[in-house]
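J.: fold the following and give me the result.
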Amino acid sequence: MNQYVTGAVIRKLREKNKMTQLQLAEKLGVTDKSISKWENSKGLPDITLLEPIAEVFKISVTELISGNTIHNANVSANMLRSKFYVCPVCGNVIHSMGEAAIHCHGILLCPLEAEPTDEHHMIFIERSCDEYYVRIDHGMTKEHYISFVAAASSDDVQMVKLYPEGNAEARFKIRGVRRIFFYCNRDGLFSIDPVKGIDDYSKLEKDKEKENKGDGAEDTAEA
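T.: Next up, the predicted model:
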């Protein structure tokens, strides 16, 4: 473990819960001087006290150590608020329906922030019957690839894990999908409204048709 609860976190939680140092000390079976030492960075609570401290503040030990308390109110009501986490060491992909304090390989993972797709991460979406066929115009080398694609609706998330040297594509049941996410191992998380993805694909096809017609007209003129 490369992190441990700090005095600043204990002070913040104590004040948030409107406790005095003496009140917290009595609940933990220590002296108020011990609490003062922790909060002034003159000592740290013994590891055996981590669970009791977390219980007093009604949080998990993970939240206590990370300093990030989690507040989720009916988070399952909207899966569009889903958060994705990726471990930079092993590539592990974790999905949560709301806020979470997640560690992997001793690292506290931050939720990924999705950016709009760009010219280096173009996505094309085709609608076929009850499915979306999603294709991402991106290389899939061992060094640079798309790690996963996900489709989110208000009450469901479908996710497909991708691998280097495979195809950057996936199929999803439409069933109310309102957001498509995909993750590039170098450039991060991207997202798009599936309807815009379909529009972009159609526009690209139309542009190609115009170019082909233009080439044909030029050939005729030269003849």
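J.: mind giving me the domain ranges of this protein?
T.: As given by automatic domain parsing, the domain ranges for the chain are 7-66, 75-109, 115-205.
J.: what average pLDDT does the last one get?
T.: Just to be clear, that refers to domain 115-205. For domain 115-205, the mean per-residue pLDDT is 90.
J.: cool, stretch 47-64 as well?
T.: Mean pLDDT, stretch 47-64: 88.
J.: return the set of buried residues in that stretch.
T.: Using 16 or more other C-beta atoms under 10 Å as the test for burial, stretch 47-64 gives 49, 53-54, 56-57, 59-60, 62-64. To be clear about C-beta, it is placed using only N, CA and C from the backbone, and glycine gets the same treatment.
J.: out of these, flag the one nearest to residue 124.
T.: Residue 124 lies nearest to residue 62 out of the buried residues of stretch 47-64, by C-beta to C-beta, at 39.7 Å.
J.: isn't the closest one right up against residue 101?
T.: Yes - with contacts counted by C-beta atoms under 8 Å, residue 62 reaches residue 101, the gap being 4.6 Å.
J.: which residues touch the closest residue to residue 142 other than its chain neighbours?
T.: Nearest non-adjacent residue to residue 142, counting by C-beta to C-beta, 6 or more residues apart in numbering: residue 164, 4.4 Å away. Contacts for residue 164 (C-beta atoms under 8 Å, 6 or more residues apart in numbering) come out as 140-142, 145.
J.: in ChimeraX, select just the buried ones from these.
T.: Applying 16+ other C-beta under 10 Å to the contacts of residue 164, the buried members can be selected in ChimeraX as follows:
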select :140,145
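J.: could I get the contacts of residue 164 in a markdown table, plus columns for secondary structure and distance to residue 20?
T.: Below are the contacts of residue 164 laid out as a markdown table (DSSP: H, G, I helix; E, B strand; the rest coil; distance: C-beta to C-beta, whole Å):
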| residue | secondary structure | distance to residue 20 |
| --- | --- | --- |
| 140 | coil | 58 |
| 141 | coil | 59 |
| 142 | coil | 57 |
| 145 | coil | 54 |
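J.: now, which of the contacts of residue 164 sits nearest residue 35?
T.: Nearest to residue 35 among the contacts of residue 164: residue 145, at 49.7 Å, using C-beta to C-beta.
J.: just checking, the closest one touches residue 183?
T.: No - counting by C-beta under 8 Å, residue 145 does not reach residue 183; the two are 9.7 Å apart.
J.: show me the contacts for residue 23.
T.: No contacts exist for residue 23 under C-beta under 8 Å, 6+ apart.
J.: give me the element it is part of.
T.: In the assignment (DSSP states H and E), residue 23 maps to helix 21-28.
J.: and that helix, which residues are buried?
T.: Here helix 21-28 shows 21, 24-25, 28 as buried, counting by 16+ other C-beta under 10 Å.
J.: could you pull out the strands for the protein?
T.: 83-86, 93-96, 102-104, 107-109, 115-116, 122-128, 131-137, 146-152, 157-161, 169-173, 179-184, 188-192 (DSSP state E).
J.: now render the ones you listed as CSV, adding distance to residue 34 and mean neighbour count.
T.: Shown next, in CSV, are the strands of the chain (distance: least, C-beta to C-beta, whole Å; neighbours: other C-beta atoms under 10 Å):
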stretch, distance to residue 34, mean neighbour count
strand 83-86, 35, 20
strand 93-96, 35, 16
strand 102-104, 27, 18
strand 107-109, 26, 16
strand 115-116, 46, 11
strand 122-128, 56, 17
strand 131-137, 55, 18
strand 146-152, 46, 23
strand 157-161, 45, 15
strand 169-173, 54, 18
strand 179-184, 45, 21
strand 188-192, 43, 19
